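Enquirer: structure, please.
(one chain, ligands or ions: 2)
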Amino acid sequence: MKKMILDLDTGVDDTLAISYALGSPEVELIGITGTYGNVLLEQGMRNDLAITDLLGHSEVKVYPGLPHAEKADSFSVLPVSEFIHGKNGIGDIEIPDSSRRPESQSAVDFIIDAVKTYGDDLVYVPTGPMTNIAAALRKAPEIKDRIGKIVLMGGALTVCGNVSAWTEANISQDPDAANELFRSGAPVTMVGLDVTLQTLLTYKETKRWRDLGTKASTFLADMTDFYIKAYETTSPHLGGCGLHDPLAVAVAIDPTLVTTLPINMQVDVDGPTRGRTIGDNTRLNDSHKSMQVAVGVDVQRFLDEFMTRISRLAEQAG
Ligand code: BDR
Ligand code: CA
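Expert: Numbering: from 1, shown residues only. Ligands and ions are numbered 1, 2, ... in the order given. Now for the predicted structure:
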């Protein structure tokens, strides 16, 4: 069975990503590495522990990542993130704190050890800034040739950004780290706004969770309704909320859900387009393309998998 690590800034859609992973028999979630973004690092890890408890998976360990970008002194949550994900990151829905605590091993060391242990069988899915994986690649560059694959949520190649015309939120938090990853030669699939804004959830689906009537399903319905409501203000043209992070998990499990473009990518780190994800001109003629960018998605098949897997998990969790 494939082993999966999720690197999360937990967040509503990060919570749905955890749910998708735990609802998928093809993979074992061997750990969550914490990052910052939708919430501060500490709040994200608190959420990870509480959510995995609620979903009946207290065996999932949480490892503390870096609290901000290497080139920054600190990190503060943007007001727009609070508006979309709530002050607590999970739609301001209260769930009990876990009695567990994050591990003492750092996220960076956990990632490096996991690559050395599982190699090709390991898939790493970052759905926040790329700060932790960039630090791991700096500390142990050899892992780029040993990891199975990295499937990230972030970036926008064929559409505009969601923070500015050219920048997507996860990349914007730490463009330097994302650029290190993109240029590292590691096998990366980018699942960006190109496809995640095509996979939308509505109140019709969350009602199905509410009708299940379990604690877990009611939490998922209430939390996701908060997120859908925020999208009605920020992106009224969409008619639902973007399933960004769970789509990355789904693609990590079943790459045939998307069509991809093989391309060597970079992230602009200087000048006015800082944070833009774009092809790297200097590697245009390299016959080896280390990255794949998702540009098309089988929307209905993904939504069916999403509802089946998460509903089953929420029912079993009680
Ligand atoms: C990404 O930014 C975060 O707000 C979401 O959790 C997702 O990972 C979408 O741009
Ligand atoms: Ca996220």
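
Enquirer: and stretch 192-209, what's buried?
Expert: Within stretch 192-209, the residues that count as buried by 16 or more other Cβ atoms under 10 Å are 192-201, 205-206, 209. Backbone N, C-alpha and C define where each C-beta goes, glycine included.

Enquirer: err, stretch 71-81, not the other one
Expert: Buried, per 16+ other Cβ under 10 Å, within stretch 71-81: 75, 77, 81.

Enquirer: measure that stretch end to end?
Expert: 21 Å (Cα to Cα, to the nearest Å).

Enquirer: same thing with stretch 182-193?
Expert: Using Cα to Cα, one end of stretch 182-193 lies 17 Å from the other.

Enquirer: same deal with stretch 266-275?
Expert: End to end - Cα to Cα - stretch 266-275 spans 10 Å.

Enquirer: what about that stretch, near ligand 1?
Expert: No: between stretch 266-275 and ligand 1, judged by Cβ under 6 Å from any ligand atom, nothing touches; the nearest distance is 11.6 Å.

Enquirer: show the subsequent helix or strand relative to the helix or strand hosting Phe182.
Expert: Following DSSP states H and E, one finds Phe182 within helix 175-183. As assigned by DSSP H and E, the chain's next helix or strand after helix 175-183 is strand 188-191.

Enquirer: list the pairing partners of that next one within its sheet, with orientation.
Expert: In the sheet, strand 188-191 lines up against strand 149-153 (parallel), strand 291-297 (parallel) (DSSP bridges).

Enquirer: what about the ones you listed, which gets the closest to Ala50?
Expert: strand 149-153 (21.6 Å; Cβ to Cβ).

Enquirer: quick one: mean pLDDT for that closest one?
Expert: Computed over strand 149-153, the mean pLDDT rounds to 98.

Enquirer: count of neighbours near whatever residue of the stretch 51-200 of the chain ends up closest to ligand 2?
Expert: Relative to ligand 2, the nearest point of the stretch 51-200 of the chain is Thr127 (4.1 Å; Cβ to the ion). Number of residues near Thr127 (other Cβ atoms under 10 Å) recorded here: 30.

Enquirer: my guess is it contacts Ile150, does it?
Expert: No: taking contacts as Cβ atoms under 8 Å, Thr127 lies outside contact range of Ile150: 11.5 Å.

Enquirer: alongside ligand 2, which residues does this structure contribute?
Expert: 9, 11, 14, 127-128, 245 (Cβ under 5 Å from the ion).

Enquirer: as a markdown table, those residues with distance to ligand 1, pLDDT and secondary structure would be great.
Expert: Compiled in a markdown table, the residues of the chain next to ligand 2 are given as follows (distance: Cβ to the nearest ligand atom, whole Å; pLDDT from 0 to 100; DSSP: H, G, I helix; E, B strand; the rest coil):
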| residue | distance to ligand 1 | pLDDT | secondary structure |
| --- | --- | --- | --- |
| Asp9 | 6 | 98 | coil |
| Gly11 | 4 | 98 | coil |
| Asp14 | 5 | 98 | helix |
| Thr127 | 5 | 98 | coil |
| Gly128 | 6 | 98 | coil |
| Asp245 | 5 | 98 | helix |
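
Enquirer: right, I'll call it a day here.
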